[in-house]
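Trainee: Need coordinates for the below:
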Amino acid sequence: MFIWRAARLWPIGVFTLLCSALAVANVRILPVESQTGVHEKYTLRVPNEKQVDAVRIVGEFPAGLKILNFEFKPGWTVNIRKDATGNIIGAEWRGRLRPYEFTEFGLLGVNPAEPSTLVWKFVQHYADGSKAEYTGPAGARYPAPVTHILAAPAGTGDAASHGPNASPPVLLDPAAHN
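Mentor: Model (predicted):
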């Protein structure tokens, strides 16, 4: 009797797991929280949710965030978009991401000096000409990734050099160089 019931419920369980996996498989930016003014390494996580290769990811970066560098990714090229003043405002990654794979791209940036919510926008293009636009509000099928920039704790000094992912300061002893 128990086996018969379990066999009947098995398809429902598989469907539920599949739906919950798809719900969290969207393009993401990590971390989802950071501090004002810090140098932060952001990680763009891109899964392939289709049965065809993803071949291009186009991103628009939030206003107020100053992107400085991109992490090298073998098999991928990155084309940077700048505004009239030379600030990086977006990028396009080209490569190949097969079904059931994901990849991550690293970006180094400087957070805004004031608390804010950064909204990132990405469009994932596939080899069959289709695309997924991660530009929607929270709760949408393809939501735009969001990072919350929080005020640095009091007493941290220079937030740009003491952020959560910053390297520890290097102290030099002038007497050691004489």
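Trainee: what's the helix or strand for the residue nearest the centre of the chain?
Mentor: By CA atoms, centre = their mean, the mean C-alpha position of the chain lies nearest to I29, the distance being 2.1 Å. Under the criterion of DSSP states H and E, I29 resides in strand 28-30.
Trainee: now that strand: mean pLDDT?
Mentor: Strand 28-30 shows a mean pLDDT of 97.
Trainee: what does stretch 145-153 give?
Mentor: Stretch 145-153 shows a mean pLDDT of 95 in the predicted model.
Trainee: That stretch: end-to-end distance?
Mentor: 24 Å (CA to CA, to the nearest Å).
Trainee: The residue nearest to the centre of the chain and G129: what is the separation?
Mentor: According to CB to CB, to the nearest Å, I29 and G129 sit 26 Å apart. Bear in mind the C-beta positions are built from the backbone N, C-alpha and C, glycine included.
Trainee: same question, T77
Mentor: Between T77 and G129 the distance, using CB to CB, works out to 20 Å.
Trainee: Enumerate the beta-bridge partners assigned to the residue nearest to the centre of the chain.
Mentor: Applying DSSP bridges to I29 gives these bridge partners: L44.
Trainee: that older thread, give me the residues contacting the strand holding I29.
Mentor: 42-45, 120, 145-147 (CB atoms under 8 Å, 6 or more residues apart in numbering).
Trainee: any chance of the residues you listed in CSV, with distance to E60 and neighbour count too?
Mentor: Output for the contacts of strand 28-30, formatted as CSV (distance: CB to CB, whole Å; neighbours: other CB atoms under 10 Å):
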residue, distance to E60, neighbour count
Y42, 14, 23
T43, 17, 14
L44, 12, 22
R45, 17, 15
W120, 7, 22
P145, 11, 22
V146, 13, 16
T147, 14, 21
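Trainee: Run through the strands of this structure in chain order.
Mentor: In chain order, the chain shows strands spanning 28-30, 33-35, 39-47, 54-60, 66-70, 77-82, 88-97, 102-110, 116-119, 121-126, 131-134, 146-150, with DSSP state E as the criterion.
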